[in-house]
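J.: Predicted coordinates and the sequence they were generated for:
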Amino acid sequence: MENRLHEHIVKSFDAELERLTVEIAAMGREAGAQLAAAFAALEQGDVDAARRVIDGDDRIDDLERAISQDVVRLLALRQPMARDLREVLAALRVASDIERIGDHAVNIARRVLDLDAAGALPPVAGLSAMASAAAALVEDVLQAWERRDEALARAVWQRDSALDTQYSGLFRELLTWMMESPRYITAGTHLLAVARNLERVGDYATNIAENVWFAVGS
């Protein structure tokens with residue numbers, strides 16, 4: 001009888017943990033879509049699309065609140081220990097990092113509104129490559145979290161340095177444009193802010209990678 005009860009408790013906890021993983025995956029896809037939509041709005045100069053990204057941030061915030069409530073309930077009812085506790089705490093951290101990625105997508109969208117009134121844009125080719133790299137980090141680290149794949153998480157962590165290098169190069173490029181052509185100063189400042197937001201997205205992807213290691217406990 002006791003063995004059956006223990007098995008039932010373990011299975012119930014595993015099911016709730018799996019549901020939490022599914023919720024976080026859905027939240028991650030939402031944030032990734034927001035990031036892609038924000039940069040597409042930037043490339044196309046689409047103010048209406050940028051506003052939709054800004055308005056969509058509430059959805060990600062709601063998902064994070066729901067996940068936080070589920071984590072609190074799991075901690076209170078199941079009182080997990082050891083690796084189970086690491087899994088639950090990591091889930092809470094990952095949800096927070098995803099919410100911050102969504103915030104950076106909104107920041108980029110807001111820059112689209114600013115750039116709409118900024119006038120001439122410097123011809124910067126590296127920004128699109130940086131956006132693609134940041135999006136790939138987010139996609140891969142979310143897969144690492146779903147699969148608890150330490151190797152993929154480590155690869156994301158290692159690739160973040162390449163994103164930092166792209167940011168440094170882009171910073172210098174934009175600064176050069178602004179110094180040589182003062183008409184680009186306003187737009188260049190906004191594009192620098194976009195690049196900084198993309199760099200920060202990479203940092204949050206790295207945080208999620210670290211939480212994969214934490215959850216697995218290797």
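T.: Received, thanks.
J.: what helices or strands is the helix-or-strand element of the chain with minimal mean pLDDT leaning on?
T.: The helix or strand of the chain with the poorest confidence is helix 2-44; it has a mean of 79 (mean pLDDT, DSSP states H and E). If contacts are counted by 3 or more C-beta pairs under 8 Å, 6 or more residues apart in numbering; DSSP states H and E, helix 2-44 sits against helix 47-55, helix 57-78, helix 82-116, helix 126-147. (C-beta placed from N, C-alpha, C; glycine too.)
J.: now those helices in a markdown table, with mean pLDDT, mean neighbour count and distance to Arg154?
T.: Formatted as a markdown table, the helices and strands packed on helix 2-44 follow (pLDDT from 0 to 100; neighbours: other C-beta atoms under 10 Å; distance: least, C-beta to C-beta, whole Å):
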| stretch | mean pLDDT | mean neighbour count | distance to Arg154 |
| --- | --- | --- | --- |
| helix 47-55 | 96 | 17 | 31 |
| helix 57-78 | 87 | 15 | 25 |
| helix 82-116 | 91 | 21 | 16 |
| helix 126-147 | 94 | 20 | 9 |
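J.: closest to Trp157 out of the ones you listed?
T.: Checking these against Trp157 by C-beta to C-beta gives helix 126-147 as the closest, at 8.6 Å.
J.: How far away from the center of its chain is that closest one?
T.: Centroid separation for helix 126-147 versus its chain: 8 Å, with C-alpha atoms, centre = their mean, to the nearest Å.
J.: One more: stretch 149-162?
T.: Relative to the chain's own centre, stretch 149-162 is displaced by 14 Å; criterion: C-alpha atoms, centre = their mean.
J.: next one: stretch 32-43
T.: That offset, for stretch 32-43, works out to 13 Å (C-alpha atoms, centre = their mean).
J.: Kindly report the same for stretch 104-116.
T.: Remark: stretch 104-116 is offset 16 Å from the chain centroid, using C-alpha atoms, centre = their mean.
J.: ok so, going back, who wins for proximity to Glu173 among the helices and strands packed on helix 2-44?
T.: Closest to Glu173 of these, according to C-beta to C-beta: helix 126-147, at 6.3 Å.
J.: Compute the inter-axis angle for that closest one and helix 2-44.
T.: 170 degrees (axes from the mean of the first three to the mean of the last three C-alpha atoms, to 10 degrees).
J.: Can I get the helices and strands packed on helix 2-44 in TSV including distance to Glu16?
T.: Converted to TSV, the helices and strands packed on helix 2-44 look like this (distance: least, C-beta to C-beta, whole Å):
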stretch	distance to Glu16
helix 47-55	32
helix 57-78	6
helix 82-116	9
helix 126-147	16
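J.: quick one on the thing from earlier: relative to helix 82-116, how tilted is the least confident helix or strand of the chain?
T.: Interaxial angle of helix 2-44 relative to helix 82-116 (the same axes, to 10 degrees): 10 degrees.
J.: now helix 2-44: how far from the chain's centre is it?
T.: 14 Å.
J.: Identify whichever of the helices and strands packed on helix 2-44 lies nearest to Phe39.
T.: The minimum distance between Phe39 and these falls on helix 126-147, with 4.4 Å, by C-beta to C-beta.
J.: Which among the helices and strands packed on helix 2-44 is found nearest to Thr165?
T.: helix 126-147 (9.9 Å).
J.: Phi and psi next, for Ser181.
T.: Here is the backbone geometry of Ser181 (degrees, to the nearest 10): phi -130, psi 90.
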